[in-house]
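# Turn this into a structure:
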Amino acid sequence: MKKLNFILVVSLLFSVTLFAQKTFTLSSKDLGGEATKIQEFGGFGCSGDNQSPQLSWKNAPEGTKSFAITMYDPDTPTGSGFWHWVVFDIPAGTKELVTNAGVQLNLAPKGAIQSITDYGIKGFGGPCPPKGHGFHQYIITVYALKTDKLGLDENTNPAVVGFNLWNQTLAKASIVAYYKR
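Numbering: from 1, shown residues only. This next block holds a predicted model:
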């Protein structure tokens, strides 16, 4: 009986290890739990460097044809949150965006489109919560998409990009950074 139990346990462990799914994961070398003046927007009452963080991802699902990245603040007192970064049509072979790729457009992967944010600019617009409003959360999400192109351009607003992402997403992974002034 002990030998049978041993064989069952070993078989179960082998099966779990063999068929385990690896998790689609997003990480950043530049962000810990909080954003800094390096990421803070340079305008709109803020005086930061407005550098987008380095981002890397791994374990995208099979069938991924492109990626998209967004940064969203649900705590902004607008009634609809605030979109700080919208990037799409990132080629499937890409696994990283380097620091400042959201502002220095020549640092972004060839073919990637950075559309307008709620600041009305194209590319990265860092955190800039109202003074005294407390910590805001900045949700950075990478989307693994089942299409290589969304068919949108750099003037497409975040809501329309979001709708198209919703229709094309295979998987997504997020990290959250907090910031206050």
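# Quick check, Trp57 in contact with Ser27.
Yes - Trp57 lies in contact with Ser27 (Cβ atoms under 8 Å); the separation is 7.4 Å. Backbone N, C-alpha and C define where each C-beta goes, glycine included.
# Counting neighbours, go ahead and name the busier of these two.
The neighbour comparison of Trp57 against Ser27 (other Cβ atoms under 10 Å) goes to Trp57, with 20 against 14.
# For that one, what are phi and psi?
phi -140, psi 160 (degrees, to the nearest 10).
# Also Thr25?
According to degrees, to the nearest 10, Thr25 has phi -130, psi 140.
# contacting residues around it?
The contact partners of Thr25, taken as Cβ atoms under 8 Å, 6 or more residues apart in numbering, are Trp57, Lys58, Asn59, Ala173.
# So the third one versus Thr25, what's the distance?
Translated: Asn59. Plainly put, Asn59 is 6 Å away from Thr25 if you go by Cβ to Cβ, to the nearest Å.
# Also Thr117?
25 Å.
# What ranges does the protein have for its strands?
Here the chain has its strands, by DSSP state E, at 25-27, 42-43, 46-47, 55-58, 66-73, 82-91, 96-97, 113-114, 136-145, 169-179.
# The longest one packs against which elements?
So that's strand 169-179. strand 25-27, strand 136-145 (3 or more Cβ pairs under 8 Å, 6 or more residues apart in numbering; DSSP states H and E).
# Show me the strands paired with the shortest one, marking each as parallel or antiparallel.
Just to be clear, that refers to strand 25-27. strand 55-58 (antiparallel) (DSSP bridges).
# Could you give the average pLDDT over the partner strand?
For strand 55-58, mean pLDDT rounds to 98.
# Please tabulate the strands of the chain in a markdown table, including the columns distance to Gly125.
Shown next, in a markdown table, are these (distance: least, Cβ to Cβ, whole Å):
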| stretch | distance to Gly125 |
| --- | --- |
| strand 25-27 | 19 |
| strand 42-43 | 8 |
| strand 46-47 | 10 |
| strand 55-58 | 16 |
| strand 66-73 | 8 |
| strand 82-91 | 5 |
| strand 96-97 | 15 |
| strand 113-114 | 10 |
| strand 136-145 | 11 |
| strand 169-179 | 13 |
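# how about these, which one is nearest Asp153?
strand 113-114 (6.7 Å; Cβ to Cβ).
# Ok, which of the strands of the chain comes nearest Pro127?
From the strands of the chain, taking Cβ to Cβ, the stretch that ends up closest is strand 169-179, at 4.0 Å.
# model confidence over that closest one, on average?
98.
# tell me which residues of stretch 100-116 are tucked away?
Asn100, Ala101, Gly102, Val103, Ala108, Pro109, Ala112, Ile113, Gln114, Ser115, Ile116 (16 or more other Cβ atoms under 10 Å).
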